[in-house]
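S.K.: Give me coordinates for this.
(one chain, ligands or ions: 2)
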Amino acid sequence: MSQHRQVLFVLNKMDLADPQATEKYLARFREEGYMAVPFDSTSGRGLSEVIQAFKTLYHPRAQEMLVKGRRIRPSRIMVVGVPNIGKSTFINCLAGKKMAMTGAKPGITRGKQWIRVREDIELMDTPGLMWPKTESEEQGLKLALLDIVGEKAYQEREVALYLLHLLQVKTPEILTGKLKVSDPGSDPETMLTEIARKRGHLLKAGVLDLAKTCTALLQDFRKGKLGLLSLD
Ligand SMILES: Nc1nc2c(ncn2[C@@H]2O[C@H](COP(=O)(O)OP(=O)(O)O)[C@@H](O)[C@H]2O)c(=O)[nH]1
Ligand SMILES: [Mg+2]
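M.R.: Ligands and ions are numbered 1, 2, ... in the order given. A predicted model of the protein is given here:
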């Protein structure tokens, strides 16, 4: 299908993802006839592949202009995706300098304009697209865990407990290793308490500061400090 050629799926934040999961996604996109490349906007890993893919996508249009004797205009590509996936960072990475506003919190990008990132490429940053309703409670927890929905939309405690549950199912070695949990089979509440104690998260009266532990766990996960993990 010709319209497939007009879309490139950039699997950003590959530096945080489980490489095997990334490979599976790439294979699936390619099987369906789409172009897809893994990318890390913080280091620029994958840059030449992305540029090459843009050129491949644009080639037919460029040829058309050439045949008609017209000047070949830069290719224009809209960057779309859920909030906080790294759209603005991606644009800055391609430009080699800060041209789009980035932010750790979702919803910072405003306005629409074409940004010349290379001689022959212009990108448009867009505010993240979010569907108004999540399909299930678990979907909602995943969106919160990945910082895709605003922090006002969820309870940190609930999301941190969900993270511990996920680790339990997917990678119990992270629980016993990085988080030093003694029994990765115990329930998430118990593990949370143990982590708080081991990290010395205490309130004044010697009571455990579980809220602090939850914040720390979510931060560690989002920065990749717990290891490479993909949720789906
Ligand atoms: N580790 C990692 N972090 C990234 C990457 N791309 C973006 N980020 C971080 O993700 C956060 C959101 O990025 P931003 O570009 O503002 O996302 P946007 O909402 O899609 O425009 C920022 O803290 C970025 O530094 C990436 O490839 N790897
Ligand atoms: Mg942005």
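S.K.: Next, count neighbours for the residue of the chain found nearest ligand 1.
M.R.: Of the residues in the chain, the one nearest ligand 1 is residue 86, at a distance of 2.7 Å by CB to the nearest ligand atom. All C-beta atoms are positioned from the backbone trio N, CA, C, and that covers glycine. Per other CB atoms under 10 Å, the neighbour tally for residue 86 reads 20.
S.K.: ok, residue 35 touching residue 57?
M.R.: Yes. The criterion here is CB atoms under 8 Å, and residue 35 meets it with residue 57 at 6.9 Å.
S.K.: So for these two, which residue has more residues nearby?
M.R.: Applying other CB under 10 Å to residue 35 and residue 57 shows that residue 35 carries more neighbours, namely 21 against 18.
S.K.: For the more buried one, list each beta-bridge partner.
M.R.: Beta bridges link residue 35 to residue 8, judged by DSSP bridges.
S.K.: which residues does it contact?
M.R.: Residues in contact with residue 35 (CB atoms under 8 Å, 6 or more residues apart in numbering) are 5, 7, 8, 9, 29, 53, 56, 57.
S.K.: if I look at it, how far off is residue 187?
M.R.: Residue 35 sits at a distance of 44 Å from residue 187 (criterion: CB to CB, to the nearest Å).
S.K.: Same question for residue 22.
M.R.: Counting by CB to CB - residue 22 and residue 187 are separated by 31 Å.
S.K.: Compare these two (neighbour count), which wins?
M.R.: Higher neighbour count among residue 22 and residue 187: residue 22, with 17 against 12, using other CB under 10 Å.
S.K.: ok, the more buried one touching residue 229?
M.R.: No. If you go by CB under 8 Å, residue 22 and residue 229 don't touch, sitting 11.4 Å apart.
S.K.: backbone phi and psi for the residue sitting furthest away from the middle of the chain, please?
M.R.: What lies farthest from the middle of the chain is residue 69; by CA atoms, centre = their mean that is 41.5 Å. Main-chain torsions, residue 69, degrees, to the nearest 10: phi 70, psi 20.
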